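[1] pasting the sequence and the predicted model now:
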Amino acid sequence: MSNNYEEEIRNMVSEILEIPIDKLTPDADFFRDLNIDSLKAIEIVAAFEKKYRIIIPEQDIPKIRNLRQVVEYTAPLNKEPLS
Amino acid sequence: MIWDKIKIKAVLPHREPFLFIDEVIEIEGTQRVVAIKILRDSESYFKGHFPGNPMMPGVLIIEAMAQASVILFSIDRPAVAAEHPDYYLGKVKSEFMSPAYPGDKLIIESKKVKFLDNAAITDAVVKVDDRVIAKANLIFSIQKK
C-alpha cells in the first residue's frame, strides 16, 4: 500500500476512527482489532461514497474488514474525488 | 397532514412529554420528510428553562430532529422499523442560530444521507417560519431488541 490513493484512504479512515495512522495497518481487522461499531462503519461508508461518488451496496459492507480490502474494493470504482 | 399522532406513535417509541413531532406534513419518497412541532406554553421544560424567559433547550431541538429522522428511516426500512427496534443517537454535529420560544411552530426537515439496517445518517434543519434556527448531522444506530 504505497500510492497516493491508498494513502488518502488510510488518512481518511484514520481521521474518522480517531486512530493514529501507525495503528491502521493494512491487515488490521476493523471489527476485531480496531473495535469499529456500526456507527463508525456507516461513517466510513458515507465518507467514501461522497468523496468518490460511488455506491457501496449494503451486502458488501461486512466483507470489507480491513484497509487492504477497502483499497481492493474501491480502487476499481474510484473516480475523481469531489474535493 | 400526512401522518397524524396515531401513525407517528406507531413508529416512534417516544411518548409525551418526550414526543417532539406533532404531525408529518411532507414525505418525499425515502429521501426527505418534513414534520411539525408546535411549542405550547404548557411544555414542561419551559418552566425551568428559564423562569421568566422560556425557550426550548437546544438538546430537545436535536431530539426533535432525531425523531423526524427515525420517521424517515422507518419509511426507508419498513421491515426493520416494524420490529420496533431501539434507536440510539450516536454522534451529532449541530449548530444553533436562534432560540425557539413558546408559540413557535417548528418545521423540522430531515434528509437521508445514508441508511443501513443497523445505522443511519441524516442531515436535518429546523425552521421557524422561513428562518433556519438549527441544523444538525445525526448518526444513530438501530438495534433489535
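    Structure received.
[2] chain center to the host helix or strand of residue B:71: distance?
    In this structure, residue B:71 sits in helix B:58-76 according to DSSP states H and E. Put simply, helix B:58-76 sits 3 Å off its chain's centre (CA atoms, centre = their mean, to the nearest Å).
[3] and residue B:136, its phi and psi?
    phi -160, psi 150 (degrees, to the nearest 10).
[4] and the most far-flung residue of chain B relative to its centre, how far from chain A?
    Relative to the mean C-alpha coordinate of chain B, counting by CA atoms, centre = their mean, the farthest residue is residue B:52 (26.4 Å). Remark: distance between residue B:52 and chain A (CB to the nearest CB, to the nearest Å) = 40 Å. For the C-beta atoms, the positions are set from N, CA and C on the backbone; glycine is no exception.
[5] tell me the residues of chain A that contact chain B?
    By the criterion of CB under 8 Å from any CB of the partner chain, the positions of chain A lying close to chain B are A:37, A:38, A:39, A:41, A:42, A:43, A:45, A:46, A:49, A:58, A:61.
[6] widest-spaced pair of those residues?
    The distance between the two most remote of these (CB to CB) is 18.9 Å, for A:37 and A:49.
[7] those two: which is more packed in?
    Taking other CB atoms under 10 Å in any protein chain shown, residue A:37 and residue A:49 do not tie; residue A:49 has more neighbours (16 against 13).
[8] which SSE is immediately downstream of the helix or strand hosting that one?
    Applying DSSP H and E as the criterion places residue A:49 in helix A:38-52. Per DSSP H and E, the first helix or strand lying C-terminal to helix A:38-52 is helix A:67-74.
[9] same for that following helix, what does it pack against?
    helix A:4-17, helix A:38-52 (3 or more CB pairs under 8 Å, 6 or more residues apart in numbering or on different chains; DSSP states H and E).
[10] before we move on, the earlier item: now do the SS call for the residue farthest from the centre of chain B.
    Here residue B:52 is coil, with the state taken from DSSP: H, G, I helix; E, B strand; the rest coil.
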